[in-house]
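**Student:** Sequence and predicted model, in that order:
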Amino acid sequence: MPDLVTHTAVAHLLRRSIDLKKYSRADSRLRVLFYLGTILPDILTRPWYILFPSTHDWTLPFHTPIGALLICALLALFFESRLQKRAFAWLASGTVLHFLLDGLQRQVVDNNLWLYPFSWKDFGYGFLWAGEIMRFIPVTLGLVVLLEIGMAFRRKADRAR
């Protein structure tokens, strides 16, 4: 699975590239949930099975779409009732991006159990080994910096008009 930096940087690139249209003020505050959604499956599982390897089988369901989306629904309940649907949508869209990115990797053991608990089939695309993604961190972060510089110039040009 990609590291948290890659998940967050790709989420930022995607979110900022579609950020050209204006959102309501409530949505602009909720957009941080998109970032949380992109790292949520790893946060729910990695610390536990790294610190306590015997918990891997217990945490596995939280690193599947069904488990992660259930957690997204649970987290959305902590928001005001008028914001719950939008909070869930932001969290869920980030989580979907997480699984799409994870699907790019080739694993020694099956890790992309997208239909769990109904199937144990790995649905990953297998383009890169997990460690190979680390080489792309500088490129991904460079793209984030270039995008932010471009957006700053665009805002400055819009203000000058």
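**Tutor:** Arrived safely.
**Student:** which other residues reach the longest helix along the chain?
**Tutor:** Longest helix of the chain, by residue count under DSSP state H: helix 137-160. Residues from elsewhere that reach helix 137-160 (C-beta atoms under 8 Å, 6 or more residues apart in numbering): 3, 5, 6, 9, 10, 12, 13, 16, 17. For glycine as for every other residue, the C-beta is placed from the backbone atoms N, C-alpha and C.
**Student:** check contacts around the fifth one.
**Tutor:** Yep, that's residue 10 we're talking about. Contacts for residue 10 (C-beta under 8 Å, 6+ apart) come out as 2, 38, 97, 101, 140.
**Student:** Please repeat the previous calculation with a cut-off of 7 Å.
**Tutor:** 101, 140 (C-beta atoms under 7 Å, 6 or more residues apart in numbering).
**Student:** The fourth one too?
**Tutor:** Under the criterion of C-beta under 7 Å, 6+ apart, the contact partners of residue 9 comprise 140, 141, 144.
**Student:** Leaving aside the residues adjacent along the chain, what's closest to it?
**Tutor:** Distance criterion C-beta to C-beta, 6 or more residues apart in numbering; nearest residue to residue 9, sequence neighbours excluded, is residue 140 at 4.4 Å.
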